[in-house]
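A.B. asks: Next one to model:
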Amino acid sequence: MIFRILKSTQKLFSGKIAGLFVLLFMFSQIVSAQSVNVGKAGSQGKVLKKYIEPAELKRIVENPVDSIWIIDVRSEKAYSNGHIPTARSFPAGTVNDRLNEIPKNKYLIIYCTVGANAQIVSKKLRKAGYRRYINWGGISRWEWEKENSQPILHQ
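C.D. replies: Numbers count the residues shown, from 1 in each chain. Modelled structure (predicted):
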């Protein structure tokens, strides 16, 4: 009898441990997705690495530079609900159709929710001949007040 109780307890305990390991693995994948993509830059975008730190990006927001655009590639709804001030809305699914609105001579700091869509957009831009961009990662890195406004069409 005691042997059966011990064996069933062991099975229950093993199942919970396995579940815990699965949860830890999934959490580590989410966290690493952010860090894997942050800072990936085009061949001429490496100069933007100094803005990877949120405090440095905040300086650009407070004192905009005409040669640097901050690009939000989240949905228009997400952008409207709160974005980094001065960011321009170019939802990831619309970028290919709107390349004529994104100048190749500007430096582009691209962000999304966690960094994955920004990386996808970076690849699209690279294929279209852009070289001055960097994946800033996810908006969760922005510690300051977000701006709420409707996307402005940039032409």
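A.B. asks: separation between the residue minimising distance to the centre of the chain and Pro64?
C.D. replies: In the chain, the C-alpha nearest the mean C-alpha coordinate belongs to Gly115, at 2.3 Å (CA atoms, centre = their mean). Gly115 is 23 Å from Pro64, where distance means CB to CB, to the nearest Å. (C-beta placed from N, C-alpha, C; glycine too.)
A.B. asks: before we move on, what about Pro54?
C.D. replies: Distance of Pro54 to Pro64, computed by CB to CB: 16 Å.
A.B. asks: And the pLDDT at Phe25?
C.D. replies: At Phe25, the model reports a pLDDT of 52.
A.B. asks: Make 54 the starting number, not 1.
C.D. replies: Okay, residue one is now 54; in that scheme the one you just asked about reads as Phe78.
A.B. asks: wait, isn't Glu129 in contact with Pro144?
C.D. replies: Yes: with contact defined as CB atoms under 8 Å, Glu129 and Pro144 form a contacting pair (5.9 Å).
A.B. asks: How many residues are close by the residue nearest to Gly191 when sequence neighbours are not counted?
C.D. replies: The shortest distance from Gly191 to any non-neighbouring residue, by CB to CB, 6 or more residues apart in numbering, is to Val167 (4.1 Å). By other CB atoms under 10 Å, the residues close to Val167 number 19.
A.B. asks: residue ranges for the helices of this structure, please.
C.D. replies: 55-90, 107-115, 129-134, 169-180 (DSSP state H).
A.B. asks: ranking those helices by mean pLDDT, which is last?
C.D. replies: helix 55-90 (a mean of 54).
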